[in-house]
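Novice: sequence and predicted structure, then a few things I'm wondering about:
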Amino acid sequence: MYRYSEFDEAFVRSRVAQFRAQVARRIDGSLTEDEFKPLRLMNGLYLQLHAYMLRVAIPYGTLNSAQMRQLAMIAERWDKGYGHFTTRQNIQFNWPALRDVPDMLDALADVGMHAIQTSGNTIRNVTADHFAGAAEDEVMDPRPVAELIRQWSTDHPEFQFLPRKFKVAVTGSPMDRAVTAAHDIGLRLVAKEGGIGAKVLVGGGLGRTPMIGKVLKSFVPLPDLLPYLEAVVAVYNLLGRRDNKYKARIKITVHETGIEEIRRLVEEEFAARKPLFKGADEGLLSEITAQFAAPAFDAEGPGDYETWRQADPVFRAFTDTNVAAHRHPDYAILTVSLKAHGATPGDATSEQMRVLAELAERYAHDELRISHEQNVILPHLPKRHLKAVHEALAAAGLATANVGLASDIIACPGMDYCALATARSIPVAQELATRFEAMKIEHEIGPLKIKISGCINACGHHHVGHIGILGLDRAGVESYQITLGGDGGPDAVIGERTGPGFAYDQIVPAIERILLAYLDLREGPGESFLDAYRRLGMAPFKAALYEDGEARADAA
Amino acid sequence: MPRPFSPKVLTANALLEGDVVYLAADGHWTRHHAEAELIEDEATAELRLLDAEARGHEVVGAYLADALRGPRGPEPVHFREAFRTRGPSNYRHGKQEHA
Ligand code: HEM
Ligand code: SF4
């Protein structure tokens, strides 16, 4: 696993010491809020609706047991005994007091973690597939490439004042679990004639103007990757609009300039920059790759895994939904759902975090991952331990067998926490999951992604939900707009709006009508909701949704 | 004719805890909406806002929010302000914890 270098350690410690002094100066009145705000945001400290919130980065979503235990301790000592895992592979503490934050940051630094948000209009935290290094379908572990980009872009003098923030995601799998098409640059690693390279997508993004990234180049060999990326960012740096913050992201640049012209300009830049790289980047990549080496997989075999599956229907259902294929035949990738029916998506108590840490340490090579779908993963779990792990998870309320199903809902914090929200999202997720459980229909429905955002910023990825829900404020009342057919996978699509929105107490029945219509309309259990929608289009779902129309839909 | 002024309360977040606070008529910060001063004219509202901005060592992000006269004191108008009087809806945390 990647470990911080001494340089990183010293840097993080000095940032904490600086911030401790800044907090003291804010409290004694020598700093105003205008002076303090940018300083606290740089350290991950936000002021939300009811309290401060500390956001802690989990690079590539990777944690070891000591780090997870420390998060549990921090939640207990300085917060309310739980943490919230987000769609950006962060953990958020929702109730810190200002005075305690420097101590929390010191406790994080003790385990090599920090809350430094690479904020501003720079290249942000690079994200990667949460199954990286474990997935059976992977061409290459994407994390070394992501880390290479992080090191190249950190403090890159040319790119400190881009027109707007710039996000990069990397996947090494054709399944694209990193939503690469919704990033400023998305990289999909592919193999070709013995060499590995990246398919480069550009101009994706969600928020107020959602767009799917376009293919800029179908294959860039790894040795050319950094000069190529530098060329893309240089072209954007020059062309990107600085006159209007809502038109400043590269998606708008690509949209306004045209992908062909961007491609031509990038090729020109690339030709000029490539000779300057001289291969130092390639040496660095092999060094980083060594740090991300897979654990030594044991050779004990799968044990009685199949026998247990046959004997115990609860265990079988759990492994059917929550286990994904590992590259080693006797191993499993286990997703632990943080979506118990009726609970807050992404929340884990300190006790649950300790159980997860314990299981990772004891059975699974001491590694944990956080997914953008707000679940926790044991990426390297020998199948022979699955039964014991399942029992321990069940005792901790963590054995919900719903990964990838209707109640595995992504929800942003919404108006229960977020100061920018226009409506709540968490209770909508809670009520939907509770309803699905009462109806006992989610296994019949099969794969389904429901995603909810509490405002147009789209932190809950609603545009790429098979069913997306966007909470808005319509004349002082919460109103929920539905989109259908979105997809965040390899063939990403932005969902389409159904029509008028629904009031808070009407949104659960509305979603229920869509799902019942799907069960009626599908060709059989093999046709997923998304497939059925693609075959049938909006019309039959709209009819089900707005049957006896006006009574149900608000007029917004 | 001047535009009718809709009554307001002055609200902010406390510097140390981040908790929602309201300005009371005697100038102290209260944690309870019903104890806030109901401000019924624009000139006073502007004055209170200036005052609050000068008290940046006590509170953060002061603003005026619409409110109505109720039997037990001012009541919030918008749902966002109603949530701010209680706390989140997924746990009994925040103000409702002690209510
Ligand atoms: C203090 C709370 C938060 C604030 C102030 C905030 C602010 C924003 C803003 C302003 C945008 C729009 C950026 C743009 O379009 O240029 C955005 C986008 C986004 N945020 Fe947040 N956010 C918050 C919490 C979260 C949380 C909790 C998550 C993860 C659960 C998250 C994940 C995202 C994602 C995935 C996007 C869209 C991706 C993109 O196109 O950039 N945010 N956020
Ligand atoms: S989508 Fe809006 S409400 Fe939800 S977390 Fe993002 S900014 Fe807040």
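Specialist: Received the coordinates, thanks. Numbers count the residues shown, from 1 in each chain, chains lettered A, B, ... in the order given. Ligands and ions are numbered 1, 2, ... in the order given.

Novice: what is A:Thr335 paired to in the beta sheet?
Specialist: Beta-bridge partners for A:Thr335, by DSSP bridges, are A:Ile377.

Novice: contact partners for it?
Specialist: A:322-324, A:371, A:375-377, A:403 (CB atoms under 8 Å, 6 or more residues apart in numbering or on different chains). To be clear about C-beta, it is placed using only N, CA and C from the backbone, and glycine gets the same treatment.

Novice: for A:Tyr246, same thing?
Specialist: A:208-209.

Novice: contacting residues for the residue lying closest to A:Gly81 once chain neighbours are set aside?
Specialist: Nearest residue to A:Gly81, sequence neighbours excluded (CB to CB, 6 or more residues apart in numbering or on different chains): A:Ser350, at 5.1 Å. A:Ser350 makes contact with A:72-73, A:75-76, A:81-83, according to CB under 8 Å, 6+ apart.

Novice: show me what from chain A comes close to chain B.
Specialist: A:26-27, A:29, A:32-33, A:47-52, A:80, A:94-95, A:97-99, A:344, A:347, A:415-417, A:421, A:424, A:426-427, A:430, A:473, A:476-478 (CB under 8 Å from any CB of the partner chain).

Novice: quick one, which of these are buried?
Specialist: A:26, A:33, A:47-52, A:80, A:94-95, A:97-98, A:344, A:347, A:415-417, A:421, A:424, A:426-427, A:430, A:473, A:478 (16 or more other CB atoms under 10 Å in any protein chain shown).

Novice: how about the contacts made by B:Arg55?
Specialist: Per CB under 8 Å, 6+ apart, neighbours of B:Arg55: B:Ala62.

Novice: brain fart, A:Leu71
Specialist: If a contact means CB under 8 Å, 6+ apart, then A:Leu71 has A:56, A:63, A:83, A:91, A:353 as its contacts.

Novice: okay, the residue of chain B found nearest ligand 1: pLDDT?
Specialist: Taking CB to the nearest ligand atom, ligand 1 has its nearest neighbour within chain B at B:Gly18, 12.2 Å off. Note on B:Gly18: pLDDT of 97.

Novice: tell me the SS of it?
Specialist: At B:Gly18 the chain is in coil, as set by DSSP: H, G, I helix; E, B strand; the rest coil.

Novice: roughly how far does A:Leu484 sit from A:Thr498?
Specialist: 6 Å (CB to CB, to the nearest Å).

Novice: related to what we said a few turns ago, near ligand 2, list only the ones from the contacts of A:Thr335.
Specialist: Residues of these in contact with ligand 2 (CB under 6 Å from any ligand atom): none.

Novice: redo these as a markdown table? Include neighbour count, secondary structure and pLDDT.
Specialist: As requested, those are exported to a markdown table (neighbours: other CB atoms under 10 Å in any protein chain shown; DSSP: H, G, I helix; E, B strand; the rest coil; pLDDT from 0 to 100):
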| residue | neighbour count | secondary structure | pLDDT |
| --- | --- | --- | --- |
| A:Asn322 | 26 | helix | 98 |
| A:Val323 | 18 | strand | 98 |
| A:Ala324 | 20 | strand | 97 |
| A:Ser371 | 23 | coil | 93 |
| A:Asn375 | 25 | coil | 97 |
| A:Val376 | 26 | strand | 98 |
| A:Ile377 | 28 | strand | 98 |
| A:Val403 | 23 | coil | 98 |
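
Novice: where does chain A dip in pLDDT?
Specialist: Applying pLDDT under 70 to chain A flags the ranges A:1-7, A:117-120, A:548-556.

Novice: show me which residues of it are close to ligand 1?
Specialist: Close to ligand 1, as judged by CB under 6 Å from any ligand atom, chain A has residues A:46, A:48, A:86-88, A:167, A:205-207, A:249, A:412-413, A:418, A:420, A:457-459, A:461.

Novice: helix or strand right after the lengthiest strand in chain B?
Specialist: Secondary structure assigned by DSSP state E gives strand B:59-70 as the longest strand of chain B. Using DSSP states H and E, the next helix or strand after strand B:59-70 towards the C-terminus is strand B:73-76.

Novice: thanks again, I'm all set now.
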